[in-house]
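A.B. asks: Sequence isn't available, so here's the structure alone:
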């Protein structure tokens, strides 16, 4: 759903730097239009993306002209026309938490730029993920590292995007009393996500080397999710929204289990997309089976599968041959993993309803309800 909305507002490749200057009257961070407050959160992000690119790299030094040109190409290629991850979650949480009278144009734009700082960090992580997983495509176009003029310079490009994330944060949030907390959260996003990526890759390598199916277990899946998905999706964005609204972070820590369940759902959803999703909807080809990834689906096989099904998975998972993939798909079909995914989603809905009934803070209850509606009930799972 998010990707469809995003493509609706970003045209060909969002807008160029020159167009950003022409849009100044319409999207200026100080004197923007009165209707900015009424934009949907994704449209807010698209509206300000040119300024993200413009202000996240030094432009005064003419010696950096070639660097700036490459950075702009990198940002517009990997930035707007894709699924968005922590940014919309942060904005949804902030607008649910903050009192209406404090949702001023200035505050909403600060929240939007903070969302892009987190989104920039996510972009650098995804670029690295494509290299590690040897993904040739993402979002229906060649992955950045496969372009002829990129190659191994992709490692430097990822660092440049990361540096840009901190520059956005410094420029647009330094006046906020909780700026230091935002800075710590951004650094922790990068730290935890790379820990999760490393564990993910190490697990698939270990399975392909040993064919030990126990490394594809539910415990390992939860560990990978905790680092790779949990903090970047439902840790830092939720805490940042609380800090933006100058609320007590105890709100988050008292409900940390429910946000962990949101993260598990998000990773399970991603695994289902990768394994069963239609290319037209997800914009990439499936790689999890061939790469021998530990996923929510493999954890279901280890929990519910027969000894024969586990043996067949051990023999065929992590191989690129079509015949091996077909065996894996047959196992998944026999176990009705899609039905189990629906059951997990229903369990999350019930646990959220219970938690909402226990929360005394109306804004926080509204925030959980918003996350449930936008990212679980409307997950747009199209096969």
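C.D. replies: Cool, the structure landed. Treat the numbers as computed from the prediction; the structure is a model and nothing was measured.
A.B. asks: and whichever strand or helix holds residue 45, how far out from the chain's middle?
C.D. replies: Following DSSP states H and E, the helix or strand that holds residue 45 is helix 41-55. Centroid separation for helix 41-55 versus its chain: 17 Å, with CA atoms, centre = their mean, to the nearest Å.
A.B. asks: Show me what that helix is packed against.
C.D. replies: helix 2-10, helix 17-22, helix 24-27, helix 65-78, helix 86-97, helix 105-133, helix 154-173 (3 or more CB pairs under 8 Å, 6 or more residues apart in numbering; DSSP states H and E). Every C-beta, even on glycine, is put in place using the N, C-alpha and C of the backbone.
A.B. asks: Swap in 7 Å and give it another go.
C.D. replies: With contacts taken as 3 or more CB pairs under 7 Å, 6 or more residues apart in numbering; DSSP states H and E, helix 41-55 sits against helix 2-10, helix 17-22, helix 65-78, helix 86-97, helix 105-133, helix 154-173.
A.B. asks: Give me whichever of the ones you listed is most buried.
C.D. replies: helix 86-97 (a mean of 24; mean count of other CB atoms under 10 Å).
A.B. asks: Figure out the length between the terminal residues of stretch 229-239.
C.D. replies: 15 Å (CA to CA, to the nearest Å).
A.B. asks: who touches it?
C.D. replies: Stretch 229-239 is contacted from outside by 85-86, 89-90, 93, 118, 122, 185, 188-189, 192-193, 249, 252, 259-260, 262-263, 266-267, using CB atoms under 7 Å, 6 or more residues apart in numbering.
A.B. asks: 6 Å - rerun?
C.D. replies: Residues outside stretch 229-239 that contact it (CB atoms under 6 Å, 6 or more residues apart in numbering) are 86, 89-90, 93, 185, 189, 192-193, 252, 259, 262-263, 266-267.
A.B. asks: and it, average pLDDT?
C.D. replies: Averaged over stretch 229-239, pLDDT sits at 97.
A.B. asks: how near is the nearest residue to residue 251 once chain neighbours are set aside to residue 86?
C.D. replies: Counting by CB to CB, 6 or more residues apart in numbering, the nearest residue to residue 251 once its immediate chain neighbours are dropped is residue 364, at 5.0 Å. Residue 364 is 19 Å from residue 86, where distance means CB to CB, to the nearest Å.
A.B. asks: And residue 287, by the same measure?
C.D. replies: 23 Å.
A.B. asks: Give me the pLDDT for the closest residue to residue 125 other than its chain neighbours.
C.D. replies: Once flanking residues are discounted, residue 125 sits nearest to residue 193: 4.8 Å by CB to CB, 6+ apart. Per-residue confidence (pLDDT) for residue 193: 96.
A.B. asks: So residue 304 sits against residue 337, correct?
C.D. replies: No - contact criterion CB atoms under 6 Å: residue 304 and residue 337 do not qualify, at 8.7 Å.
A.B. asks: the more surrounded of the two?
C.D. replies: Set residue 304 next to residue 337 and count neighbours by other CB atoms under 10 Å: residue 337 wins out with 24 against 13.
A.B. asks: The more buried one: what's it in contact with?
C.D. replies: Contacts of residue 337 (CB under 6 Å, 6+ apart): 297, 300.
A.B. asks: do that again at 10 Å, thanks
C.D. replies: If you count contacts by CB atoms under 10 Å, 6 or more residues apart in numbering, residue 337 has them with 268, 271-272, 275-276, 295-301, 304, 331.
A.B. asks: Got the phi and psi for residue 137?
C.D. replies: phi -130, psi 150 (degrees, to the nearest 10).
A.B. asks: Kindly report the same for residue 141.
C.D. replies: phi -150, psi 160.
A.B. asks: now swap in residue 287 and tell me
C.D. replies: According to degrees, to the nearest 10, residue 287 has phi -130, psi -10.
A.B. asks: got a pLDDT number for the closest residue to it other than its chain neighbours?
C.D. replies: Excluding the flanking residues, the one nearest residue 287 by CB to CB, 6+ apart is residue 133, at 5.6 Å. Residue 133 carries a pLDDT value of 86.
A.B. asks: which residue is nearest the centroid of this structure?
C.D. replies: residue 85 (2.9 Å; CA atoms, centre = their mean).
A.B. asks: And the closest residue to it other than its chain neighbours, how far from residue 88?
C.D. replies: Nearest non-adjacent residue to residue 85, counting by CB to CB, 6+ apart: residue 122, 4.7 Å away. Per CB to CB, residue 122 is found 11 Å from residue 88.
A.B. asks: helices or strands up against the lengthiest helix in the chain?
C.D. replies: Ranked by residue count and defined by DSSP state H, the top helix of the chain is helix 179-210. Using 3 or more CB pairs under 10 Å, 6 or more residues apart in numbering; DSSP states H and E, the elements in contact with helix 179-210 are helix 105-133, helix 154-173, helix 218-225, helix 231-234, helix 236-244, helix 288-291.
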